[in-house]
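# predicted model and sequence below, questions to follow.
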Amino acid sequence: MIDATLARFNERPLTLIRRTIGDRKAIRKKAERAGYAIANYAFPSRIQDRLRRLEDLGYVGEDPNRTQLIFGALDMFRFFIIPCAADYYESKGISFGFHALLRFLDDPASMMDPTGFMSHRDAIVGHLMQVTHADPIYDLQLLAAIPDGLESLESQIVQMLDGTHPRAASIGAIIEDPDYHARLLEQVRTFRADPLLCKPLLRENVRNNPHFAEIAETFGGLPSAIAYFASLPDKPRAALRRLLETHEFPKQACSSSSPSPAPHQPSAANHEHTPSQAA
């Protein structure tokens, strides 16, 4: 098992940077994942199968347009992801800026798509493994709509834990919680067995901070996040005006968001081994 704490806290910054950059093969894989996201942004029709699968699973009941997705993602960043992460890493004595740099060097694609809809399966998997999540449920729901997504996540976490993952050195240079991958593996297995029995795996600063906990009720899962996106202005000018005028997370967002639909139980085929494929 990789001692993540030993790497993240005891190695010099330049050593951590070199580890996250990786070799030529790793850099080529990063470019492929980034290109995949860019292509999906340019041609959104490429992800229609994924969106239909999310609807079939009960995770997407609304239909936000591109403007709502973009400005909803901006709200997710400014009201939850960035302040919550900054608070967490400050409590750990870690520079948030340097942490973001390591994440970018490990996989630029993981920071290109806050909603995850445009991302390659392995970008979502890597993102889950490189960051101690405020709540991983959102990403697990995304992976449920990708062929082999949850199975690949489970197998890659096992590889991280036994030190055989191709990105073990890189991810091990970023993650600061040596127990995170073991907890994540347990949650993935619970989710695959029955999503309804899978409780949120809240990060400590979300669990202990009412402000972040409230916002997590909206952005922590796909149904509530999508309902929030769909509630935003659907025209660019109105959405931009709202962005400039709204400086705090709207308190009514949690109560006004549509109730989370009960997810459908994934079919047994999702639990069988299938050849790995990108979605």
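Arrived safely, thanks for sending.

# ok, the spatially most central residue of the chain to residue 59 distance?
In the chain, the centroid-proximal residue (Cα atoms, centre = their mean) is residue 139; its distance is 4.7 Å. Taking Cβ to Cβ, to the nearest Å as the measure, residue 139 and residue 59 are separated by 12 Å. Any C-beta I mention is one placed from the backbone N, CA and C, and that applies to glycine too.

# could you find the closest non-adjacent residue to residue 240?
For residue 240, ignoring the flanking residues on the chain, the nearest one in space by Cβ to Cβ, 6 or more residues apart in numbering is residue 71 at 7.7 Å.

# number of residues surrounding residue 208?
Per other Cβ atoms under 10 Å, the neighbour tally for residue 208 reads 11.

# list the residues that contact the residue nearest to the centre of the chain.
For residue 139, the contact set (Cβ atoms under 8 Å, 6 or more residues apart in numbering) comprises 116, 124, 127-128, 133.

# closest one of those to residue 249?
In terms of Cβ to Cβ, no member of those lies closer to residue 249 than residue 133, at 18.8 Å.

# next, the closest one: secondary structure please.
coil (DSSP: H, G, I helix; E, B strand; the rest coil).

# burial count for the nearest residue to it once chain neighbours are set aside?
Once flanking residues are discounted, residue 133 sits nearest to residue 203: 6.4 Å by Cβ to Cβ, 6+ apart. When counting by other Cβ under 10 Å, one arrives at 23 neighbours for residue 203.

# contact partners for residue 203?
With Cβ under 8 Å, 6+ apart, residue 203 has these contacts: 84, 88, 132-135.

# and the gap between the residue nearest to the centre of the chain and residue 251?
Separation of residue 139 from residue 251 (Cβ to Cβ): 26 Å.

# sec struct for residue 189, please.
helix.

# grab the nearest non-local neighbour of it.
Going by Cβ to Cβ, 6+ apart, residue 189 has residue 154 as its nearest residue, at 6.6 Å.

# if we can go back for a sec, and the residue nearest to residue 240, what helix or strand is that in?
Per DSSP states H and E: residue 71 is located in helix 66-76.

# can I get that helix as CSV, trimmed to CA atoms?
In CSV, the C-alpha atoms belonging to helix 66-76 read as follows (Å, rounded to 0.1, in the frame of the first residue of the first chain):
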residue,chain,number,x,y,z
ARG,A,66,-25.8,24.6,-22.3
THR,A,67,-26.1,28.1,-20.8
GLN,A,68,-27.6,26.6,-17.6
LEU,A,69,-24.9,23.9,-17.4
ILE,A,70,-22.1,26.4,-17.8
PHE,A,71,-23.4,28.9,-15.2
GLY,A,72,-24.5,26.1,-12.9
ALA,A,73,-20.9,24.8,-13.0
LEU,A,74,-19.6,28.3,-12.2
ASP,A,75,-21.9,28.4,-9.2
MET,A,76,-20.7,24.9,-8.1
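
# please enumerate the helices of the stretch 101-250 of the chain.
Secondary structure of the stretch 101-250 of the chain, counting by DSSP state H, counting those that start in this stretch: helices at 121-130, 137-144, 149-162, 168-172, 180-193, 204-207, 210-219, 222-230, 236-245.

# burial of residue 240, as a residue count?
By other Cβ under 10 Å, the residues close to residue 240 number 14.

# for residue 167, grab phi and psi.
Main-chain dihedrals, residue 167, degrees, to the nearest 10: phi -100, psi 20.

# likewise for residue 179?
Residue 179 adopts backbone torsions of phi -100, psi 0, taken as degrees, to the nearest 10.
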